[in-house]
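K.L.:
Sequence first, predicted model second:
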Amino acid sequence: MPNQSPHFQRVAEQYNKLTGRGPYATLAPHNRGGRKSEYVNAVFDAAILPRLHEGDCRSVLDFGSGTGVFSRTLAGLGFRVSGVDVSEQMVHTAGRLCDGVPNVHFQRTDGVYLPFQEAEFDCVIARESLCYVPDDLLEPVLREMYRVLKPQGRLLWLEQVSDAPRWQRHPNAPNLVKRAPEDLRVRLSAAGFVLLDEAMVRTPRFPWIYPVWFGLLPRRLIPALARWEVAWHRRFGGSRRRWWNALLIAECHA
Ligand SMILES: C[S@@+](CC[C@H](N)C(=O)[O-])C[C@H]1O[C@@H](n2cnc3c(N)ncnc32)[C@H](O)[C@@H]1O
């Protein structure tokens with residue numbers, strides 16, 4: 001991998017420390033891979049997986065693959081998956097989680113350069129990873145994603161977003177920025193993508209997060225509750241919060 005920026009070194013150090021906390025460790029990391037983390041993972045799955053069946057998607061780049069939990073799900077559904085992550089320890093963790101799973105490989109890179117041929121993937125998925133790419137590198141990373149996508153290939157960009165400057169940065173998460181949705185749209189367009197769809201998928205205080213978090217609801221209900229939350233926001237998600245998770249779906253304009 002080419003020389004890494006100091007920012008990406010800090011991100012890698014942050015995520016290197018989250019190994020050993022199970023497959024959900026990188027999501028809601030204050031929950032240390034517990035039920036809240038598992039719920040967030042289920043919401044992201046519920047938002048993204050149905051969208052993969054639109055169009056002819058067989059090969060996926062999982063950008064910022066973390067523990068590999070989503071790559072493993074994708075491989076189990078028959079997709080050919082390449083996962084990349086800036087954290088060396090996460091790449092090892094993902095390799096172990098997916099040991100013996102066919103059609104999935106992991107590599108370390110920061111996204112400014114993606115070690116793949118042009119037009120290699122039908123789809124790039126970035127689940128809460130581009131929020132760690134600083135402003136000056138976001139467009140180069142998006143252009144690199146565009147390069148490795150096939151014509152009419154899709155980027156599924158799931159992100160923490162906020163319209164309020166005071167919520168866009170948090171002292172406990174100094175490497176992360178919650179950009180305004182409009183900023184994401186502008187940057188997609190600058191990199192050559194055409195936005196097809198945009199939806200709110202999760203808000204941090206959705207009512208049943210607390211009973212899920214404290215183990216008051218059976219674990220087996222988590223996938224159904226997650227699907228319900230995604231459907232709720234799809235229908236009623238117009239009112240803005242301090243911050244929320246949005247899913248933007250964009251296509252290569254080729
Ligand atoms: C919040 S975690 C999400 C992990 C995974 N996408 C998931 O949904 O389970 C963010 C991940 O993105 C990775 N990441 C952050 N910046 C990156 C970059 N520039 N290139 C590659 N990976 C990056 C981090 O190391 C971390 O593993």
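P.N.:
That came through, no problem.

K.L.:
contacts and neighbour counts: CA atoms only from here.
P.N.:
Fine.

K.L.:
Next up, the contacts around the residue of the stretch 101-250 of the chain at minimum distance from the ligand.
P.N.:
Relative to the ligand, the nearest point of the stretch 101-250 of the chain is residue 110 (3.4 Å; C-alpha to the nearest ligand atom). Residues in contact with residue 110, defined by C-alpha atoms under 8 Å, 6 or more residues apart in numbering, are 4, 8, 84-86.

K.L.:
please redo it, this time with the cut-off set to 6 Å
P.N.:
The neighbours of residue 110, taking C-alpha atoms under 6 Å, 6 or more residues apart in numbering as the test, are residue 86.

K.L.:
isn't there a helix covering it?
P.N.:
No - read with DSSP: H, G, I helix; E, B strand; the rest coil, residue 110 is coil and lies in no helix.

K.L.:
List phi and psi for residue 115.
P.N.:
Reported as degrees, to the nearest 10, the phi and psi values for residue 115 are phi -80, psi 60.

K.L.:
Give me the local confidence score for it.
P.N.:
Looking at residue 115, its pLDDT stands at 97.

K.L.:
Got phi/psi on the residue nearest to it when sequence neighbours are not counted?
P.N.:
Nearest non-adjacent residue to residue 115, counting by C-alpha to C-alpha, 6 or more residues apart in numbering: residue 109, 7.9 Å away. Per-residue torsions, residue 109: phi -160, psi 170 (degrees, to the nearest 10).

K.L.:
what's the answer for the one 4 residues further on, then?
P.N.:
Residue 113 has phi and psi values of phi -130, psi 130 when expressed as degrees, to the nearest 10.

K.L.:
Now it: closest residue in space, sequence neighbours ignored.
P.N.:
Nearest residue to residue 113 in three dimensions, chain neighbours excluded: residue 144, at 6.6 Å (C-alpha to C-alpha, 6+ apart).

K.L.:
Repeat that for residue 46.
P.N.:
Closest residue to residue 46 apart from its sequence neighbours, by C-alpha to C-alpha, 6+ apart: residue 227 at 5.3 Å.

K.L.:
would you say that neighbour is within a helix?
P.N.:
Yes - looking at residue 227 with three-state DSSP, it is inside a helix.
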